[in-house]
Structure formats: C-alpha cells, structure tokens
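Novice: curious how this folds, go ahead:
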Amino acid sequence: QVQLQESGPGLVKPSQTLSLTCTVSGGSITADYYYWTWIRQPPGKELEWIGNIDFGGSTYYNPSLKSRTSISRDTTKNQFTLQLSSVTPEDTAEYYCARRRGLSDYDFWGQGTQVIVSS
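Specialist: Numbering: from 1, shown residues only. Down below sits the predicted model:
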C-alpha cells in the first residue's frame, strides 16, 4: 500500500518561500511511469494542479504558477519537495501530494496540509 505524507510549516509570511515535502512509503518515486504531483485547494475554491515530477526526474508546472514553483526530489529519502516563492495570501490553501500513473487518475493522495500565508 502506497502512502504519501505532506510535511512543512503551516504558516508562511508574505513574500517568503513556501516549502513542503512529501514522503512516500510503499513505492519508489523512481518507479516507471509514475508522476508525483502537488495539488492545492484554496478555501472555497476548486482543486488546482501545481505541478509534478516524474519517475525520471522531469518536472512539469502549471503555467500560472511556473515562475514561482520548483519541484525537486531526493531519491535516497523517497521524497519530493515543493517550493513556491514570493507567496501572497492568495496562496493560502490545503496542499496535497498525490500519485498518478501515466494519464490515469490519481490513485494515492496524502492527507493534505494546511498552509496559511499571513504576516
């Protein structure tokens, strides 16, 4: 059974960089054809895809967030990390990590972590 767990600070000041880590157990982040994804849901809004890193380490970003987003991985720890720079209160959201295989639906999700951007 694959499990994903988000971790990181729940409160970030405006203009700072939000950094979250997703720790994966029960499956390798280098396993073929899997995409490891960050998704967020602002209060009262729909889910928003932030970006992902694939089994080979290639990254893909939401164009609207691309200039501020970086996703990386540590294969020795089986973790992948989101960094979102220059945050504003509009970046306040529940942040999730998730897995999908190829073009299929997401099959495993983390429980989510709330991030509030406030001074």
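
Novice: the residue nearest in space to the middle of the chain is in what secondary structure piece?
Specialist: Against the mean C-alpha coordinate of the chain, by C-alpha atoms, centre = their mean, the closest residue is residue 38 at 2.6 Å. Element membership of residue 38 [criterion: DSSP states H and E] is strand 34-41.

Novice: that older thread, dump the residue contacts of the residue nearest to the centre of the chain.
Specialist: Residue 38 makes contacts with 20, 22, 49, 50, 51, 52, 71, 82, 95, 96, 97, as judged by C-beta atoms under 8 Å, 6 or more residues apart in numbering. Glycine gets a C-beta too; all of them are placed from N, C-alpha and C.

Novice: rewinding a little: neighbouring strands - and their directions - for the strand holding residue 38?
Specialist: Using DSSP bridges, the strands paired with strand 34-41 are strand 48-54 (antiparallel), strand 93-101 (antiparallel).

Novice: per-residue pLDDT, the closest residue to residue 43 other than its chain neighbours?
Specialist: Among residues not flanking residue 43 along the chain, residue 92 sits closest, at 6.9 Å (C-beta to C-beta, 6 or more residues apart in numbering). As predicted, residue 92 sits at a pLDDT of 98.
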